Structure formats: structure tokens, C-alpha cells
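*Asks:* 3D model of this:
(2 chains)
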Amino acid sequence: MIDVAVIGVGQTRYGMFPGRTLKDLFYEASREALDDVDKGLDPNDIDEAFVGTLSTGGAQLGNFAPLMMEAAGMVGVGARHVENACASSGFAMRDAVSAISSGSADIAVAAGVEKMSDLPRERNRLWLGISGDVEWERLAGTNFAGIYAMMARRHMFEYGTKISHIKMVAVKNRQNALENPKAQFRSAFTMEQATKSPNLASPLDFSDACGITDGASMVILARADLARSFTDQPVLVVGSGVGSDYVAIHDRTSLTKLQGAVDASVKAYEMAGIRPEDIDFAEVHDCFAIAELLSYEDLGFCDRGKSGIYLESGITQRDGKRPINNSGGLIAKGHPIGSTGTGQICEVVNQLRGRADTSARQLANVGYGLTHNVGGSGAAVAVHIFKAME
Amino acid sequence: MTSYISLPMYAANIDQRLRIIAGKCTNCSIIVYPQRLVCKCCGGKNFDLTPLSGLGELYTFSVLHGGGAPSEFDYEQKMTGDVLCGIVDLFEGPRVMARLADIDSSQLKIGLKLEAVIRRLYDQEGILRYGVKFVPETL
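*Replies:* Modelled structure (predicted):
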């Protein structure tokens, strides 16, 4: 297999931008990614493009990727749409890595975009609930808020996890986003405010969930042996793994772990030749606060059932031993569905190159960085591991 | 805005929805509900149809408040305030996600004994969709 390196990343600010379009968000992310390739890249030299989106609203369901690439001035690049709900661009990344490692492409693009703010509230609630097992989960009266809530209740029942542990995830991630100029929610958020948040789907409150977000992101990849001709700071993709599971959570043996995430991470660790304890920092898929706790266990950062205590110990804070969601995560940085996976990679790559947008956000200890991107309630998971090229 | 479950798609498993008919793998005897084409346990592809008792225990649940449930349940939420949803461990083995009814949300707890009833879920394209909800067991 051919080694793969990231040579450029770009991401729009995340937020609600009613005046902006899918095309101009995608263009902005592509512009930033191309400009980030410090020795320059001719877009005509890109062999393949993989664009993740759920296509919220259904405005453009067919030929989505060619249209976005065209808007970004990259017409002619073989492009296709990759869809796995909230893990769409995590899988677009996987496909771009595979295209290069298999030898079929020298340079490939993984990107993602979502425009959610155009829709009235009830239409957004339609689109946010179409990625479960619709015939059974949806007809049971729930979408992902209720599904993650039922997982949270099981975790509390089986392991004694407390509501305060769940709330601590949102408080930590909101705190991390304060310094991130690209984050959606950048206001101070205390535990006291979290406990007063209105109930969404018990035991989860509104502050344990993501908002409605627009945004786009792009990652440009090249064969590792060519990478230094594009940039002085390539970042190696040392691990890549994907996993899947039953879509409906009632079909799974356990509701307190995502087997797809366990499988994806085992493959990624194996490819990288490292163990969970070697990971220095990570961006994980905290679509609901409980999901971040599950990720600590699924990725092997702590023992099964101990994620609440692990978080409480402070290890995953910015100044802790293994910072998690230093960007603010999905809860605070924002979760524009299709953009989330490649957006996480932008953060990790910038950290590994020592190029965090503000010095307050730059992590000191950045050997190995990991991204964990989950589709729905765990039906599809992509995990990637990165390391700066020596 | 409702998620589109076409009438043919709904009608195709009416036996499962209204008569709670499960599949029993002819190879390993495991019971699957909702029915499957391939056995979860052994990969077998042949199933005998078997009606379930509709009895079970609450495995986990959530009370969905305004904005938490899909929009097709808005009319109901306006009337009742909350949407109660749970996963039920059925007596015969499988687990299924379903609506909970005829109980105050404060009475819900893991392990609660339940039984299936057929109730209206919502209507789409002018056709009422019925399905299983679970209510406290009445022995």
C-alpha cells in the first residue's frame, strides 16, 4: 500500500448563514485548502474528489459532487457524492485515502458541506430523523435525540454514569470553543447554565445536543512520496478504519457501545501500529453529549463504563493529558452534517503542524491525533489517525 | 412534514405491525422481530412465522419534549405534551423500539412489565397508520 499524506486543509466558519449558499460555502473551504498547500497546487492535477453531504433539504440530491467542484472552479475532476449520514465526509476521507493508497490516484480531495439553516424548523426535524431505520425507529416516535437518550439511560443504568458527567461534556466543549474563531457557539457556558437547560429527550437536555449549522471543509491528499513537493509540513495518514453496525439500536446486543466505532478504531490502530494509549489528542463525534462518553470507551481511552470518571478526572480537558474536542466538538464548534468528518481532520492537521488559529488553542503534546466520525447512532463509523511527517 | 413511508412499504409488513408476527429461524430457532431476511445469529435464510405474546419489559426509554420528536408526531405532542418512546425486551427474546402509552412519564422505569396494543400512530396520504404501542401489563 502507498502511504498517504495531507497536504492542505480548509474549513469555513461554522454557524447559521442564511444569506450564503452551498456553493459559496464549498468554494470558501476549497479556496482555503488550496491556499494552504504552501508550495501551490494546480487544481487540474487533482485526480479524484469525494464529497460528503446528507443534502439536507433535498435541494440537490443528484450530481451533488460535480456541482460543488464546478462551483469551486475544479470542473473536470472525477467527483462523486459520499453519503453515510453524519459520517459522510469521514467516509469521503476513507475513500480518498483508498484511492491514493491503491495507486489509482496521486492527488485526491475529501470534502464535506451542509446547509441546514435554510429550512423551517419542522423540515429540519424531518431531515434529522431520516438516517435511522426509518420504518421502525421513526415510526416509534423518535429521531436521534431520543435514540441517544435511550443509550444514555442504559449507560446510567448499567454503569452508574451521572447526569453531571453528561453535562460536563457540553461544558468542556463550549469552553474549548471560546478561543476557536471558526466555532458556532462561542459564549461562556457554565455547569449552572447546563443544569437549567430545558429538557429535550430525557435524560438529555437541549444543551446536550448540537444546533443547526452551515459549513464546509476540505482536505487535500497526496502520495506521501510526492507530498514535500507541495508543502514543507505534510501530515501522514497513519491509520484509517471504518465499521458498521445494525442501524436500529434495538437490533444491537448492547446500547452502551458502538461496535462500529470499536471495529473502526481497532483497524486504524492496527494500520498505524499503535495502541489507544499512544493517542495524544482526538476530535470525537459528540453529536449528543453521551456520544463523547461512549467514544472514550469505544476508542479504548478508558475501561468500559468508566468514561464519566475519566472525564471528571480532567484528562480530556485542553490542559489535560489527552485533550478531546479541543475545537469545541460538534456541540460547540458546530455540526454541519456532511462537513463534520473533514472538519475534524482540519483541526487535527492544524494542531499537528503547530498551526492552531490562536496560540491559546495550540496543544503542546501532539504526536498522534485521531478523528472519530459517527453516522447516525453508530450505523457507520470512520476513524483516522494522523502524525506529522518527519 | 412526515418521513415518507409509502403505503406499499407499510402494507408489506402489516402482519408484523398489526398481528406482531415474528420470524423463527428454521436452522437455529432464534426469533427475530422485526422480521429479517437473513438470520442475525446463524445467517440462515428460512423462517417460520410465529406470533409473539406481546409481553415484555422496558429496557430503556426517553420522554421526548417539544422539538424532540419527529414532526409527524407534533399533533399528538400538542394534545399530550410528551412523546413516550422505549425499547422493549420481548418475552420471546427480541427487542423492539416502540411508543409507550397509557402511563404517566413519571411512572416509567427500566424493568416495567408491558404488553402490546394496536394504536393509531399517524396518518400519511390520507391513510391512518396503525402499529404497536406498549402499555403497562394488565393481568
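*Asks:* Can you give me the buried ones in the helix or strand of chain B with the lowest mean pLDDT?
*Replies:* Least confident helix or strand of chain B, by mean pLDDT, DSSP states H and E, is helix B:74-80 with a mean of 78. Neighbour counts over helix B:74-80 (16 or more other C-beta atoms under 10 Å in any protein chain shown) mark B:D74, B:E76, B:Q77 as buried. Every residue, glycine included, has its C-beta placed from N, CA and C.
*Asks:* Count the residues that sit near A:A152.
*Replies:* Other residues lying near A:A152 total 29 when counted by other C-beta atoms under 10 Å in any protein chain shown.
*Asks:* What's the separation between the residue nearest to it when sequence neighbours are not counted and A:L258?
*Replies:* In space, and not counting its chain neighbours, A:A152 is closest to A:I290: 3.9 Å by C-beta to C-beta, 6 or more residues apart in numbering or on different chains. Distance of A:I290 to A:L258, computed by C-beta to C-beta, to the nearest Å: 11 Å.
*Asks:* can you count the residues close to B:E92?
*Replies:* Residues within reach of B:E92, counting by other C-beta under 10 Å, total 18.
*Asks:* Show me where chain B has its strands.
*Replies:* Secondary structure of chain B (DSSP state E): strands at B:21-25, B:31-32, B:47-51, B:55-64, B:83-90, B:95-100, B:113-124, B:127-136.
*Asks:* Nearest approach to A:P276 belongs to which of those?
*Replies:* Ranking those by distance to A:P276, with C-beta to C-beta as the measure, places strand B:55-64 first at 27.4 Å.
*Asks:* what's near enough to touch the one residue sitting closest to the centre of chain B?
*Replies:* Nearest to the geometric centre of chain B sits B:A98, at 3.5 Å (C-alpha atoms, centre = their mean). Applying C-beta atoms under 8 Å, 6 or more residues apart in numbering or on different chains to B:A98 gives the contacts A:A140, B:C85, B:G86, B:I87, B:V88, B:A116, B:G131, B:V132, B:K133, B:F134.
*Asks:* make it 7 Å
*Replies:* By C-beta atoms under 7 Å, 6 or more residues apart in numbering or on different chains, the contact set of B:A98 is A:A140, B:G86, B:V88, B:V132, B:K133, B:F134.
*Asks:* Count the residues that sit near the residue nearest to the second one when sequence neighbours are not counted.
*Replies:* Sequence neighbours aside, B:F61 is the residue nearest to B:G86 in space, at 3.6 Å (criterion: C-beta to C-beta, 6+ apart). Each residue near B:F61 was counted by other C-beta under 10 Å, and the total is 25.
*Asks:* do B:H65 as well
*Replies:* If we define neighbours as other C-beta under 10 Å, then B:H65 has 20 of them.
*Asks:* So which residues on chain B come close to chain A?
*Replies:* Residues of chain B found near chain A (C-beta under 7 Å from any C-beta of the partner chain) are B:1, B:3, B:5, B:9, B:34, B:60-65, B:67-71, B:73-74, B:83, B:85, B:87, B:95-99, B:110, B:121, B:131.
*Asks:* Look up how far chain B lies from the nearest residue to A:P323 once chain neighbours are set aside.
*Replies:* Closest residue to A:P323 apart from its sequence neighbours, by C-beta to C-beta, 6+ apart: A:F281 at 4.7 Å. Note on A:F281: its distance to chain B, by C-beta to the nearest C-beta, to the nearest Å, is 32 Å.
*Asks:* What count of nearby residues applies to A:F281?
*Replies:* 25.
*Asks:* just B:I14 next, same as before
*Replies:* 12.
*Asks:* how about low-confidence regions in chain B?
*Replies:* B:1-3 (pLDDT under 70).
*Asks:* residue furthest from the geometric center of it?
*Replies:* In chain B, the greatest distance from the average C-alpha position (C-alpha atoms, centre = their mean) is reached by B:N27, at 25.7 Å.
*Asks:* quick one, phi psi at the nearest residue to it once chain neighbours are set aside?
*Replies:* By the measure of C-beta to C-beta, 6+ apart, the closest residue to B:N27 outside its immediate chain neighbours is B:G44, 3.6 Å from it. Backbone torsions for B:G44, taken as degrees, to the nearest 10, come to phi -60, psi 150.
*Asks:* Now do stretch A:158-174: everything it contacts.
*Replies:* The contact list for stretch A:158-174 (C-beta under 7 Å, 6+ apart) reads A:152, A:155, A:185, A:189-191, A:194-195, A:203, A:207-208, A:256, A:286, A:289-290, A:292-293, A:305, A:308, A:311-312, A:316-317, A:325, A:328-329, A:331-332.
*Asks:* To clarify, my last question referred to stretch A:72-82.
*Replies:* Contacts of stretch A:72-82 with the rest of the structure, by C-beta under 7 Å, 6+ apart, involve A:26-27, A:30, A:43, A:46-53, A:64-66, A:69, A:88, A:91-92, A:95.
*Asks:* can you give me the offset of it from its chain's centre?
*Replies:* 22 Å (C-alpha atoms, centre = their mean, to the nearest Å).
*Asks:* now do stretch A:10-27
*Replies:* 17 Å.
*Asks:* what does stretch B:30-41 give?
*Replies:* Taking C-alpha atoms, centre = their mean, the mean C-alpha location of stretch B:30-41 is offset from the chain mean by 15 Å.
*Asks:* and what of stretch A:231-247?
*Replies:* Centre-to-centre, stretch A:231-247 and its host chain are 11 Å apart (C-alpha atoms, centre = their mean).
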